[in-house]
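S.K.: Let's see this in three dimensions:
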Amino acid sequence: MAERITIRKPDDWHLHVRDGAMLKAVLPFTAAHFGRAIIMPNLVPPVLKAKDAALYRERVMAALPEGSKFKPLMTCYLTDATDPDDVESGFRDGVFTAVKMYPAHATTNSAHGVTDFQRIRRVLARMEKIGMTFLIHGEEADPEIDIFDREAIFIERRLIPMIRDFPGLRIVLEHVTSREGVDFVRAHGPQVGGSITPYHLMLTRTDWLGYGLRPYMYCMPVIKRREDRDALRKAATSGESNFFLGTDSAPHPVTKKLNVVGAAGIFNSPVAIESYAQVFAEENALDRLEAFASLNGPKHYRLPANTETITLERTSWTAPEELKIDGPEERALIHRGGERIEWKVVAH
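M.R.: Below is the predicted model:
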């Protein structure tokens, strides 16, 4: 088995960096190893218009380490009232790369999300016309639906009619977590792509709930069954071009993460590419890591792959347990903190 691998610099097609002190603390981890990232718009207040995205991009750029070539790709937070003209002008002006849809109340900071799918059809039609990518948090938020079935029900109720009604709309089912999600993406490429997180490739709900509640593993969509994890691992390592890297790294202050009602999200960017490398090594598929991490995403977004490279080596190191944050937020827990990590970036 290879002990060292060099790949084109990867991109992160699903990333939360928040704002303010948290932004300044977490962004350098992604900027160190990734060329670009899709920046999620679910701030408080959310990034609703092109002018909001332009201002947010300025704050992201200001938080980058000196000399960094990292490029943030901004997104529009879709609501029932989103203006198709603003979406199109933001896209044509190079401000928006994509539109992100959260069903209302499906996850963190999604209160402004979509409540009526009929009301967003004008936006989807415009995006289909101009070739703009549609990013979807694919869960049905109906409280009557079991938490482990929300992705499958969303596919049945929303996605299947959507691809029928908008056959030219480029879609990403973000953070695929289930066998049903894998099957749907596989059956509907290249129109539909699917991003996969490192923790959904490594964990099961037994890891989260089976040996005492581990609230730092709580995310949305939730970690699922072993058979779902295994389906994700096969998809990610298959070489199929419609599956690609998206960490969904989502930092929270530890007080919110470990609260009585804990916040959903796993801050994994400090160990992300190393965790993917471990999974691919375990699956004897290191030769396919570059496709998943560096080539498939740009192809789906119709962007060029990065020309720079990074090198990973099988070298053990210990992930820090937490990240100190300036100001009242104080600290954020790091995914796999305190664990021995098998792979390390040794050149970038």
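S.K.: which residue sits closest to Ser195 in space, ignoring its chain neighbours?
M.R.: Gly246 (2.7 Å; CB to CB, 6 or more residues apart in numbering). Where C-beta positions appear, they are placed from N, C-alpha and C, glycine not excepted.
S.K.: In this structure the one you found contacts Pro10, no?
M.R.: No: contact between Gly246 and Pro10 fails when scored by CB atoms under 8 Å: they sit 10.6 Å apart.
S.K.: The two: who's more crowded?
M.R.: Higher neighbour count among Gly246 and Pro10: Pro10, with 29 against 26, using other CB atoms under 10 Å.
S.K.: Kindly tell me how buried Leu232 is, as a neighbour count.
M.R.: The number of residues packed near Leu232 is 26, by other CB under 10 Å.
S.K.: Off-centre distance for whatever helix or strand it lives in?
M.R.: Secondary structure from DSSP states H and E places Leu232 in helix 226-236. Computed by CA atoms, centre = their mean, to the nearest Å, the separation of helix 226-236 from the middle of its chain amounts to 17 Å.
S.K.: and that helix, which residues are buried?
M.R.: Going by neighbour count (16 or more other CB atoms under 10 Å), the buried part of helix 226-236 is 228-229, 231-233, 235-236.
S.K.: Identify, from those, the entry nearest to Glu322.
M.R.: Comparing these against Glu322 with CB to CB places Arg229 closest, at 25.9 Å.
S.K.: from what I can see Glu342 touches Val279, true?
M.R.: No: judged on CB under 8 Å, Glu342 makes no contact with Val279 at a distance of 10.2 Å.
S.K.: Would you mind telling me which of these two has more residues around it?
M.R.: Using other CB under 10 Å as the criterion, Glu342 and Val279 rank with Val279 on top: 21 against 16.
S.K.: Which residue, other than its chain neighbours, is closest to the more buried one?
M.R.: For Val279, ignoring the flanking residues on the chain, the nearest one in space by CB to CB, 6+ apart is Leu201 at 4.7 Å.
S.K.: Strands of the stretch 201-348 of the chain, start to end?
M.R.: Remark: strands assigned in the stretch 201-348 of the chain by DSSP state E, counting those that start in this stretch are 243-245, 309-313, 317-318, 322-324, 331-333, 340-341, 344-347.
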